[in-house]
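Trainee: let me see the structure of the following:
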Amino acid sequence: MTKEEILDYLMNKRNETAAVANAEQILNEAQNKLQKDKKKFHKLIIAAWVLAAITWYGDSKGTAVVFALIALGLFGFKYLMYIAPDNEKVQNAQAELQKEMNDPIYQNGRKGFPEKFYNYWDALRLWNLVNENRARDLQDAFNILENQHFQESQMQIQAEIKSLQEDIAASSHRAAVNSGIAAASTTISAITRK
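Mentor: The predicted structure is shown next:
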């Protein structure tokens, strides 16, 4: 295959996978919005329940009922105005994604193309590798992209390890500070008892 034929072939793969990539993006956005909206009013609802419990045991049953109704009202409002519509959007996006993945054009494009690279973003990266003369043929482009994927996964693992090390260091620091405070408190207690 010539360079132009490879570029045309990869452009066709991008076109075949574009609708699925778009549907995946819409689904991802809908899921993120759902997760964000599930957190709305969360602290306020908990605070209302806590106040309801405190006032219930404080012999103020009427106030406790009011706080409980506020908590239930907020939860109902959140569900009706945010969660239910978001769930519907997620289900619609999932159905659209499944429809696009079952499209004969998308399914036929899979034939003879490596499964792990059959997505819009990898087809674009492969196209760029060939277009920028970083790969002479499709096999070179596959090898380079596979190497890039490996490097990206290694960098992600290193970032996770770094984050874990920072968390451990922060926890160790807190434990050391707490130990120092406990030791000082014990010393002060011992001195004041004498």
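Trainee: check contacts around the closest residue to Trp127 other than its chain neighbours.
Mentor: Once flanking residues are discounted, Trp127 sits nearest to Leu10: 4.1 Å by CB to CB, 6 or more residues apart in numbering. Quick note: C-beta positions are derived from backbone N, CA and C, even for glycine. Leu10 makes contacts with Ala123, Leu126, Trp127, Val130, Leu138, as judged by CB atoms under 8 Å, 6 or more residues apart in numbering.
Trainee: please identify the helix or strand for Leu10.
Mentor: helix 3-38 (DSSP states H and E).
Trainee: now that helix, how far from the centre of its chain.
Mentor: Averaging C-alpha positions (CA atoms, centre = their mean, to the nearest Å) puts helix 3-38 17 Å from its chain's average.
Trainee: how about Leu126, what does it touch?
Mentor: Counted by CB under 8 Å, 6+ apart, Leu126 has contacts Leu10, Lys13, Phe117, Ala135, Leu138, Ala141, Phe142, Leu145.
Trainee: can you read off the pLDDT for the second one?
Mentor: What that stands for is Lys13. Reported pLDDT at Lys13 in the predicted model: 93.
Trainee: surely it touches Phe113?
Mentor: Yes. Counting by CB atoms under 8 Å, Lys13 touches Phe113, with 6.4 Å between them.
Trainee: so those two - more neighbours on which side?
Mentor: With neighbours defined as other CB atoms under 10 Å, Lys13 and Phe113 compare such that Lys13 has more, 22 against 19.
Trainee: nearest residue to the more buried one other than its sequence neighbours?
Mentor: Ala123 (4.1 Å).
Trainee: any idea how many residues pack against the residue nearest to Met101 when sequence neighbours are not counted?
Mentor: Of all residues not flanking Met101 in the chain, Val20 sits nearest, at 5.8 Å (CB to CB, 6+ apart). Look at Val20: counted by other CB under 10 Å, it has 21 neighbours.
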